[in-house]
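[1] The sequence isn't on hand, but the structure is:
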């Protein structure tokens, strides 16, 4: 198991423990995590802090050259907002835990030259399957449905 | 002058007074502003709270049906992240103050069925021309360059 996808899963589990939506993300620069986060819709009442956005926010203000050497790990295929943030900051590589329970904007990312890999991790799938079964309305809210 | 684009400009000016990047936004539902905001990179050290994102955050958790009846006003053409957020929540209509100083993802939005109008307002253009001249490094940071 890639330690960085495991770190993203740890973030997702932390979010679940807080009563939130179990999606986590870490941003890695030169082999080191510079930002980690998880979805904060429930915890903060936030509509913008998806896991990837929370990781970006926690990484703080970075130089453009840093983002361009980063890899973003996320437990779930990134939605349009998070994909747009990846494009804005020019993050060149994204490792996705799974895209079976939700398919994000992977084609848009690839079309703009982002290297997207999907690992279809069983922990990531289980987290989302359980969550969507238990809280379908909350999940729909998070993806604008 | 459309009072809602004026409200977005007022937000941009408020951001400038706070020492921030002068971009503002309001979200309007059935003729009423339900969220207003401005770029908070400097004020909050935020890399995700562009003007449009701050307006969304301040509108709070809304039902999907509400977003689908909203118009988002922004003083500047929306970047990939903000455009992605507009797509995520299914906001059908965007009024853009200007796109002369920065061209965002208007084509992506239109391609997904969003009604995008650009008013080329001279106040919006002047705010950004002055800001980019005075703080080019801060501006480049905000657009990932």
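    Thanks, I have the structure now. Everything numeric here is computed off the predicted structure, so don't read it as measured data.
[2] doesn't residue A:93 make contact with residue A:114?
    Yes. Using C-beta atoms under 8 Å, residue A:114 makes contact with residue A:93 at a distance of 7.0 Å. The way it works is simple: take the backbone N, C-alpha and C, and place the C-beta from them, glycine included.
[3] out of those two, which sits in the more crowded spot?
    Using other C-beta atoms under 10 Å in any protein chain shown as the criterion, residue A:114 and residue A:93 rank with residue A:114 on top: 20 against 15.
[4] Now do the contacts for that one.
    A:86, A:87, A:91, A:92, A:93, A:94 (C-beta atoms under 8 Å, 6 or more residues apart in numbering or on different chains).
[5] restrict these to those near chain B?
    Among the contacts of residue A:114, the residues lying close to chain B (C-beta under 8 Å from any C-beta of the partner chain) are residue A:87.
[6] Kindly report the residues of chain A close to chain B.
    A:41, A:45-49, A:53, A:56-57, A:59-64, A:67, A:79-85, A:87-90, A:105, A:108, A:140-141, A:143-145.
[7] coming back round to it: go through the contacts of residue A:114 and single out the one with the most neighbours.
    residue A:86 (29 neighbours).
[8] Just the element for that one, please.
    For residue A:86, the host element (DSSP states H and E) is helix A:80-88.
[9] rewinding a little: which members of the residues of chain A next to chain B are classed as buried?
    Using 16 or more other C-beta atoms under 10 Å in any protein chain shown as the burial test, the residues of chain A next to chain B include A:41, A:46-49, A:53, A:56-57, A:59, A:62, A:67, A:79-85, A:87-90, A:105, A:108, A:141, A:143-144 as buried.
[10] Where does residue A:116 sit: helix, strand or coil?
    strand (DSSP: H, G, I helix; E, B strand; the rest coil).
[11] Not counting the helix or strand hosting residue A:133 itself, show me its contacts.
    Assigned by DSSP H and E, residue A:133 belongs to helix A:122-134. Contact with helix A:122-134 is made by A:5, A:9, A:12-13, A:16, A:21-23, A:75-76, A:97-98, A:100-102, A:139, as judged by C-beta under 8 Å, 6+ apart.
[12] List only buried entries from those.
    By neighbour count, with 16+ other C-beta under 10 Å, the contacts of helix A:122-134 hold A:5, A:9, A:12-13, A:16, A:21-23, A:75-76, A:97-98, A:101-102, A:139 as buried.
[13] In chain A, which residue sits closest to chain B?
    residue A:84 (2.6 Å; C-beta to the nearest C-beta).
[14] Disregarding residues adjacent in the polypeptide, which is nearest to the spatially most central residue of chain A?
    The centroid of chain A falls nearest to residue A:74 when counting by C-alpha atoms, centre = their mean (3.4 Å). Distances taken as C-beta to C-beta, 6 or more residues apart in numbering or on different chains put residue A:25 closest to residue A:74, at 4.3 Å, once the chain neighbours are dropped.
[15] what is that neighbour paired to in the beta sheet?
    residue A:37, residue A:74 (DSSP bridges).
[16] what's near enough to touch it?
    Counting by C-beta under 8 Å, 6+ apart, residue A:25 has contacts A:8, A:11, A:36-38, A:51-52, A:54-55, A:72-75.
[17] ok, the residue nearest to residue A:39 when sequence neighbours are not counted - contacts?
    Among residues not flanking residue A:39 along the chain, residue A:21 sits closest, at 4.1 Å (C-beta to C-beta, 6+ apart). By C-beta under 8 Å, 6+ apart, the contact list for residue A:21 reads A:15, A:39, A:41, A:42, A:131, A:135, A:138, A:139, A:142.
[18] Let me have those residues in JSON lines, extended by pLDDT and secondary structure.
    Converted to JSON lines, the contacts of residue A:21 look like this (pLDDT from 0 to 100; DSSP: H, G, I helix; E, B strand; the rest coil):
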{"residue": "A:15", "pLDDT": "98", "secondary structure": "helix"}
{"residue": "A:39", "pLDDT": "98", "secondary structure": "coil"}
{"residue": "A:41", "pLDDT": "98", "secondary structure": "helix"}
{"residue": "A:42", "pLDDT": "98", "secondary structure": "helix"}
{"residue": "A:131", "pLDDT": "98", "secondary structure": "helix"}
{"residue": "A:135", "pLDDT": "97", "secondary structure": "coil"}
{"residue": "A:138", "pLDDT": "96", "secondary structure": "helix"}
{"residue": "A:139", "pLDDT": "97", "secondary structure": "helix"}
{"residue": "A:142", "pLDDT": "95", "secondary structure": "helix"}
